[in-house]
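Trainee: here's my sequence, what's the structure:
(one chain, ligands or ions: 1)
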Amino acid sequence: MQYPTVKILPGEDRRLRHGSPWLFSNELRMDADAKALPRGSLVRLMSGNGKILGVAQFNPHSLIAARLLTRNKDALIDRGFLARRLARALNLREKLFEAPHYRLVHAEADGLPGLVVDRFDETLVAQLNTAGMQALEAPLVQALNEVLRPAAILARNDSAARQLEGLESEVRPLKGELPGRVELVENGLTFLADPAGGQKTGWFFDQRDNRRFAAGLAKGEAVLDVYSYTGGFALTAAAYGAASVTAVDSSAHALELSAESAARQGVAERVSFERAEAFAFLDAAAQAKRRFGLVVADPPAFVRSKKDLGAGLKGYRKLARLAAPLVSEPGFLCLGCCSHHVSMEQFAAETWAGIREAGRGGRLIRSSGAGPDHPVHPALPETAYLKFLAYALD
Ligand code: SAH
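Mentor: Residues are numbered from 1 along each chain as shown. Sure, this is the predicted structure:
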């Protein structure tokens with residue numbers, strides 16, 4: 001089978017040759033034939049000198065118009081192809097983790113553009129974030145069944161990314177029933193997640209290693225976890241011996257799940273939950289002269305698009321400025337940033353500026369990213385979206 005051909009403009013195949021899987025619409029010959037292709041079509045990409053460079057997903061209505069699936073020009077993108085990519089992704093995770101709870105597929109970095117799959121053992125939660133991946137839904141479900149034999153597959157297709165691709169927002173089982181609460185084991189602790197009703201896929205696996213690191217600083221300390229969600233940082237700190245933990249979030253639903261996990265883990269006595277807006281909470285806690293040996297703040301993305309960059313960076317600075325006064329002298333401040341548009345350098349500069357504005361000094365003891373089940377595509381710096389900084393404050 002031959003997929004239709006889309007031509008790359010002369011000289012515009014440079015990044016592709018250096019390993020990038022993306023071509024922007026201004027790098028392709030968008031003639032009438034190309035524009036007429038349905039969103040999500042599979043195409044063969046042809047260089048200016050007539051050479052076929054591989055097979056890609058194509059969306060003529062998206063800024064990222066082509067996403068390379070393979071450099072094999074004769075490849076058939078079918079159940080077998082998808083199953084091989086899934087098996088490769090699974091093989092890596094099985095080396096990394098003992099329990100079957102992790103990000104199984106991290107999109108471009110796992111050779112499956114637009115696809116995210118989080119695994120809660122027998123329950124898979126997928127996001128089909130591009131028109132190309134959406135068009136492959138049927139063979140994808142077959143491939144997931146073949147490689148993993150899950151009891152349930154849920155499509156959490158309500159991401160903002162889908163809007164850019166012209167796709168509708170929906171949450172729908174692709175196999176089995178709509179899952180209720182699921183259990184997951186992380187750093188040896190059992191947590192509860194709600195894949196259908198929680199944020200994103202229900203759990204943020206990306207912070208696994210950072211949670212364990214932060215928890216190591218928590219022994220015997222009072223800990224504050226703002227933007228706590230379902231307790232990833234808070235309960236890990238409690239399990240590692242924090243004297244007391246305060247978990248703050250604006251979502252009652254998230255705090256309820258967190259409280260249930262705390263009860264199951266047997267740490268409920270040492271954890272208290274406060275439903276509050278983060279900045280207001282930090283302000284009030286400073287007024288009340290509360291102090292914590294460890295403060296963790298891992299907020300939602302403050303920068304969702306490039307035009308929010310200035311305001312978002314100010315937000316990270318303000319967060320550090322409001323959180324630093326609550327850190328005991330000495331103590332630790334851990335800050336997370338999941339905005340794709342913010343670099344580690346920017347995040348470090350803004351948070352340090354905020355710490356200085358609060359009149360504190362200290363040193364950086366860790367700067368890291370997401371765990372290895374969120375691989376980074378070496379040619380797509382955007383895929384290193386998570387930044388995590390741990391400061392020791394004097
Ligand atoms: N740290 C968490 C992930 C945080 S996700 C973890 O390790 O899993 C972001 C969280 O911030 C969500 O739970 C959301 O409910 C909460 N949130 C968003 N805006 C907020 C605000 N202004 N004040 C307090 N919480 C907020």
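Trainee: when you work out contacts or count neighbours from here on, use the C-alpha atoms and nothing else.
Mentor: Will do.
Trainee: would you mind measuring from residue 106 to residue 187?
Mentor: 20 Å (CA to CA, to the nearest Å).
Trainee: higher neighbour count, these two?
Mentor: Between residue 106 and residue 187, counted using other CA atoms under 10 Å, residue 106 has the larger neighbour count: 22 against 12.
Trainee: do me a favour and get the end-to-end distance for stretch 377-394?
Mentor: End to end - CA to CA - stretch 377-394 spans 37 Å.
Trainee: same question for that stretch: list its buried residues.
Mentor: The neighbour-count check on stretch 377-394 (16 or more other CA atoms under 10 Å) flags 377, 383-393 as buried.
Trainee: distance between the host helix or strand of residue 237 and the chain's centre?
Mentor: Element membership of residue 237, judged by DSSP states H and E, is helix 232-239. Chain-centre distance of helix 232-239: 20 Å, with CA atoms, centre = their mean, to the nearest Å.
Trainee: for it, packing partners?
Mentor: Contacts defined by 3 or more CA pairs under 8 Å, 6 or more residues apart in numbering; DSSP states H and E place helix 232-239 against helix 208-216, strand 222-226, strand 244-249, strand 271-275.
Trainee: what helices or strands is the last one leaning on?
Mentor: In this structure, strand 271-275 packs against helix 232-239, strand 244-249, helix 252-265, with contacts taken as 3+ CA pairs under 8 Å, 6+ apart.
Trainee: can you check the first one too?
Mentor: If contacts are counted by 3+ CA pairs under 8 Å, 6+ apart, helix 208-216 sits against helix 232-239.
Trainee: hmm, the helix it packs on touching the ligand?
Mentor: Yes. Using CA under 6 Å from any ligand atom, helix 232-239 reaches the ligand at 232-233.
Trainee: and the angle for that helix with strand 271-275?
Mentor: Relative orientation of helix 232-239 and strand 271-275, computed by axes from the mean of the first three to the mean of the last three CA atoms, to 10 degrees: 160 degrees.
Trainee: picking that back up, what's in contact with the helix holding residue 237?
Mentor: 187, 189, 211-212, 214-216, 218-219, 223-225, 228, 244-247, 262, 265, 267, 270-271, 296 (CA atoms under 8 Å, 6 or more residues apart in numbering).
Trainee: other SSEs contacting the longest strand along the chain?
Mentor: Criterion DSSP state E: the longest strand present in the chain is strand 327-337. Contacts defined by 3+ CA pairs under 8 Å, 6+ apart place strand 327-337 against strand 292-297, strand 387-393.
Trainee: which elements pack onto the last one?
Mentor: If I follow you right, that is strand 387-393. Secondary elements touching strand 387-393 (3+ CA pairs under 8 Å, 6+ apart): strand 327-337, helix 344-357, strand 362-368.
Trainee: so residue 216 touches residue 240, yeah?
Mentor: Yes. In this structure, residue 216 is within contact of residue 240 by CA atoms under 8 Å, at 6.7 Å.
Trainee: re the thing from before, out of the helices and strands packed on helix 232-239, deepest packed?
Mentor: strand 222-226 (a mean of 27; mean count of other CA atoms under 10 Å).
Trainee: got the angle between that strand and strand 327-337?
Mentor: If you take the same axes, to 10 degrees, strand 222-226 sits at 30 degrees to strand 327-337.
Trainee: how far does strand 222-226 sit from its chain's centre?
Mentor: Distance of strand 222-226 from its chain centroid, counting by CA atoms, centre = their mean, is 22 Å.
Trainee: what do you get for stretch 18-30?
Mentor: Distance of stretch 18-30 from its chain centroid, counting by CA atoms, centre = their mean, is 24 Å.
Trainee: got the end-to-end distance for it?
Mentor: With CA to CA as the measure, the ends of stretch 18-30 fall 23 Å from one another.
Trainee: which of the residues in that stretch are buried?
Mentor: Neighbour count says stretch 18-30 has 20-23, 25, 27-30 buried, by 16+ other CA under 10 Å.
Trainee: just the buried residues of stretch 357-372, please?
Mentor: 357-358, 360, 362, 367, 369-372.
Trainee: that's all I had, so thanks and see you.
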